[in-house]
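*Asks:* just need the structure, nothing else, for what follows:
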Amino acid sequence: MSSARLQSAGLLLFRRGGADLEVLLGHPGGPFWRRKDEGAWSIPKGLIGVAEDALSAARREFFEETGHQPQGEFIALGEARQPGGKLVRAWALEGDWDPVDLRSNAFEMEWPPRSGRWQTFPEIDRAAWFGVAAARLKILKGQIIFIDRLLEAVGVVEGGSSHT
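*Replies:* Next up is the predicted model:
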């Protein structure tokens, strides 16, 4: 598999509500993730297409996985190698969105395995806002660094409050 196929890009939508900063995470759809919660959620992301720049891929994937097209100033959060080897590039964007409006695209897979039956599942089966502490528990281990970088970029200390 080429290194280009092991590169994804995503957006970490955040909002400032009351005393805490919150981030939007998506829970992956499909049977493998059905009963997993802590350490299973992710920033909406996906593979970077051939001849596609990473930010365009991040915006496209966010829309495909949520049905929402956020606008605003993108904050580069850099890249991080995931435990499985994939390189993820991420940007943050301040905004608000109601996860009730989730409209995720779908994928097909043979399920149960070797059954000959193909089923369709949403890429993201649910999305939710989490405060920083909860997000650290919910997000995939390899993506925690994006929360850290977001906090640093917007000047928020670990409890969620802003530097003054």
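
*Asks:* phi first, then psi, for the residue positioned nearest the centre of the chain.
*Replies:* Centroid-nearest residue in the chain: I43, 1.0 Å away (criterion: C-alpha atoms, centre = their mean). Taking degrees, to the nearest 10, you get phi -70, psi 140 for the backbone angles of I43.

*Asks:* wait, G49 sits on R59?
*Replies:* No: judged on C-beta atoms under 8 Å, G49 makes no contact with R59 at a distance of 11.9 Å. Just so you know, the C-beta spots here come from the backbone N, C-alpha and C atoms, and that holds for glycine as well.

*Asks:* ok, those two, which is more surrounded?
*Replies:* When neighbours are counted by other C-beta atoms under 10 Å, G49 and R59 differ, and R59 comes out ahead with 20 against 13.

*Asks:* tell me the phi and psi of the more buried one?
*Replies:* Per degrees, to the nearest 10, the backbone of R59 is at phi -70, psi -40.

*Asks:* how far away is it from Q7?
*Replies:* Relative to Q7, R59 is positioned 15 Å away (C-beta to C-beta, to the nearest Å).

*Asks:* apart from its neighbours in sequence, what residue is nearest Q71?
*Replies:* Take Q71 and drop its neighbours on the chain: the residue closest to it by C-beta to C-beta, 6 or more residues apart in numbering is G95, 7.5 Å away.

*Asks:* now do the same contact list for that neighbour.
*Replies:* Contacts of G95 were listed using C-beta atoms under 8 Å, 6 or more residues apart in numbering, and they are 13-15, 70-72.

*Asks:* what's the overlap in contacts for G49 and R59?
*Replies:* With the criterion set as C-beta under 8 Å, 6+ apart, the contacts of G49 and R59 do not overlap.

*Asks:* give me the residue ranges of the chain where confidence is low.
*Replies:* Scanning the chain for pLDDT under 70 picks out the ranges 1-5, 157-164.

*Asks:* understood, closing this out.
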